[in-house]
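Engineer: Coordinates for the following, if possible.
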Amino acid sequence: MLPARSRLRNRTQLGKTVRRGTRAGRRCLVVHFLAADPDSGVTPPGPAKVGFAVSKAVGGSVVRHQVTRRLRHVVAAHLSELPDGSSVVVRALPAAAEATSAQLDADFSSAIARVA
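Structural biologist: Residues are numbered from 1 along each chain as shown. Here you go, the predicted model:
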């Protein structure tokens with residue numbers, strides 16, 4: 001489970017991360033990464049924030065929730081590796097419905113290494 005301070009729930013922040021961030025796609029997911037801007041003059045950044053996007057293309061409600069739970073577990077294991085103040089959106093692709101947690105972990109690790 002992700003801590004509350006590490007969740008990206010605001011639609012505006014999700015959209016900003018997807019539009020302005022760098023992107024890396026893999027077989028099961030796409031990772032959008034937006035680094036903190038230290039020159040913005042905003043208060044010091046907090047921990048990295050992560051959001052998820054799992055559309056109906058992945059499957060029905062039960063399948064989407066299963067995929068989201070597996071992705072949350074995978075990302076929680078890598079949360080300490082993400083830079084403070086960064087935003088990450090993990091978008092599941094239809095292949096994620098049949099993927100194992102190990103495959104999702106490999107795809108996430110590979111994608112985050114490329115964009116971060």
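
Engineer: From now on I want contacts and neighbour counts done on CA atoms only, so please keep to that.
Structural biologist: OK.

Engineer: Dig out what the spatially most central residue of the chain forms beta bridges with.
Structural biologist: Most central in the chain under Cα atoms, centre = their mean is Val90, positioned 3.0 Å from the mean C-alpha point. Beta bridges link Val90 to Val31, Phe52, judged by DSSP bridges.

Engineer: what's near enough to touch it?
Structural biologist: 29-32, 50-53 (Cα atoms under 8 Å, 6 or more residues apart in numbering).

Engineer: do that again at 10 Å, thanks
Structural biologist: Val90 makes contact with 14, 18, 23-25, 29-33, 50-54, 68, 71-72, 75, 108, 111-112, according to Cα atoms under 10 Å, 6 or more residues apart in numbering.

Engineer: Apply the buried test to these and list what passes.
Structural biologist: Among those, those scoring as buried are 14, 18, 23-25, 29-33, 50-52, 54, 68, 71-72, 75, 108, 111-112 (criterion: 16 or more other Cα atoms under 10 Å).

Engineer: Flag the shaky bits of this protein, pLDDT-wise.
Structural biologist: Low-confidence segments of the chain (pLDDT under 70): 38-44.

Engineer: switch the cut-off to 80
Structural biologist: 1, 37-45 (pLDDT under 80).

Engineer: Quick check: phi and psi on Pro3?
Structural biologist: phi -60, psi 150 (degrees, to the nearest 10).

Engineer: in this structure, which spans are strands?
Structural biologist: 22-25, 29-34, 49-53, 87-92 (DSSP state E).

Engineer: would a markdown table of those with distance to Asn10 be doable?
Structural biologist: Output for those, formatted as a markdown table (distance: least, Cα to Cα, whole Å):
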| stretch | distance to Asn10 |
| --- | --- |
| strand 22-25 | 19 |
| strand 29-34 | 15 |
| strand 49-53 | 9 |
| strand 87-92 | 12 |
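
Engineer: between those strands, which gets nearest to Val63?
Structural biologist: Minimum separation from Val63 across the strands of the chain (Cα to Cα) falls at strand 87-92, 11.5 Å.

Engineer: Next, the angle strand 29-34 makes with the closest one.
Structural biologist: 170 degrees (axes from the mean of the first three to the mean of the last three Cα atoms, to 10 degrees).
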